[in-house]
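In: here's my sequence, what's the structure:
(one chain, ligands or ions: 1)
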Amino acid sequence: MSEIVAHPEDYFKQLLPPRDDLMRQLEAQAEHEDIPIIGPLVGQLLYVLAVAVQARRILELGTATGYSTIFLAQACRRFDGQVISLELDSDMAAQARSNLQQAGLRQWVNVREGDALEILPQLQTSFDFIFMDIEKADYAKALPHCGRLLKTGRMLVADNTGFADADRFNRKIHADSDWSSAHLYGFWPQHSPNYDGLCIAVKS
Ligand SMILES: C[S@@+](CC[C@H](N)C(=O)[O-])C[C@H]1O[C@@H](n2cnc3c(N)ncnc32)[C@H](O)[C@@H]1O
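Out: Numbering: from 1, shown residues only. Sure thing, here's the model as predicted:
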């Protein structure tokens, strides 16, 4: 049987998807300012998953500078859909709008400022894809709203589920028969942190 490649971290770093100048600037900014972004591999994974489920309507919890939003918007642009992205911090929301404009994706994204836990109960339209990336301790509170808003058979991705604060969420979604979930722990280069958990779930 063939063996695992030598130095798998270096090996897989070579296979990161190519990024343009804007994405590289956002990665450098995240490193300097300690902004916890998903990085290029998880970004590409979001793009692939959102395209696979033909996501027209995408909800993101936690925009920051709009790095992850760019991957989501690139996916839903293919179906002329829309991303609604929720961000608590007004300075971050402004940066995200500007970055999305620069990426030529502004028309596919509505960045809404405010607390996701307050906005979620007000949302009435359904979604094909939800990406959760706010405070990990709040994931469990957001989950019932995601269950209500996500169409049956559609996808939820939650980032940073290796954090102890995500434990309540991890156990809740694992035990809930309304969800089929897979909990991955792995090496996600340039993700913050490089080794972390990721939950991918489908609503039954
Ligand atoms: C991990 S960062 C998001 C990173 C972004 N998804 C990316 O990968 O490019 C988390 C962001 O969620 C925001 N946030 C935290 N709690 C929130 C809440 N309850 N509602 C909305 N935004 C929240 C923070 O201000 C921060 O910008």
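In: please count neighbours and contacts with C-alpha atoms only from this point.
Out: Will do.
In: what about residue 171, helix or strand, and which?
Out: helix 167-175 (DSSP states H and E).
In: what comes up buried for that helix?
Out: 168-170, 173-174 (16 or more other Cα atoms under 10 Å).
In: before we move on, what about stretch 187-204?
Out: Result for stretch 187-204 [16+ other Cα under 10 Å]: buried residues 187-193, 196-203.
In: so who does residue 67 touch?
Out: Residues near residue 67 by Cα atoms under 8 Å, 6 or more residues apart in numbering: 23, 26, 37-38, 96.
In: filter those residues down to just the ones in helices.
Out: Members of those lying in helices (criterion: DSSP state H): 23, 26, 96.
In: quick one: residue 183 from the ligand, how far?
Out: Applying Cα to the nearest ligand atom, to the nearest Å, the value for residue 183 to the ligand is 18 Å.
In: my bad, residue 204
Out: Counting by Cα to the nearest ligand atom - residue 204 and the ligand are separated by 25 Å.
In: turn the contacts of residue 67 into JSON lines, including pLDDT and distance to residue 48.
Out: Below are these laid out as JSON lines (pLDDT from 0 to 100; distance: Cα to Cα, whole Å):
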{"residue": "23", "pLDDT": "98", "distance to residue 48": "17"}
{"residue": "26", "pLDDT": "98", "distance to residue 48": "21"}
{"residue": "37", "pLDDT": "98", "distance to residue 48": "18"}
{"residue": "38", "pLDDT": "98", "distance to residue 48": "14"}
{"residue": "96", "pLDDT": "98", "distance to residue 48": "22"}
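In: those: which ones sit near the ligand?
Out: 37-38 (Cα under 6 Å from any ligand atom).
In: report the two of the contacts of residue 67 separated the most.
Out: 38 and 96 (14.6 Å; Cα to Cα).
In: residue numbers of this structure in contact with the ligand?
Out: So far as Cα under 6 Å from any ligand atom goes, the chain lies against the ligand at 36-38, 61-68, 86-89, 114-117, 133-135.
In: mind checking which of the residues you listed are buried?
Out: 36-38, 61-68, 86-88, 116-117, 133-134.
In: for the helix or strand bottoming out on mean pLDDT in the chain, buried residues please.
Out: Across the helices and strands of the chain, mean pLDDT, DSSP states H and E gives its lowest value to helix 8-13, namely a mean of 94. Within helix 8-13, no residue is scored as buried using 16+ other Cα under 10 Å.
In: that older thread, show the average pLDDT along the helix holding residue 171.
Out: What helix 167-175 shows for mean pLDDT is 98.
In: got a list of contacts for that helix?
Out: Outside helix 167-175, the residues touching it (Cα under 8 Å, 6+ apart) are 137, 139-140, 143, 161, 179-181, 199.
In: centre of the chain to it, how far?
Out: 18 Å (Cα atoms, centre = their mean, to the nearest Å).
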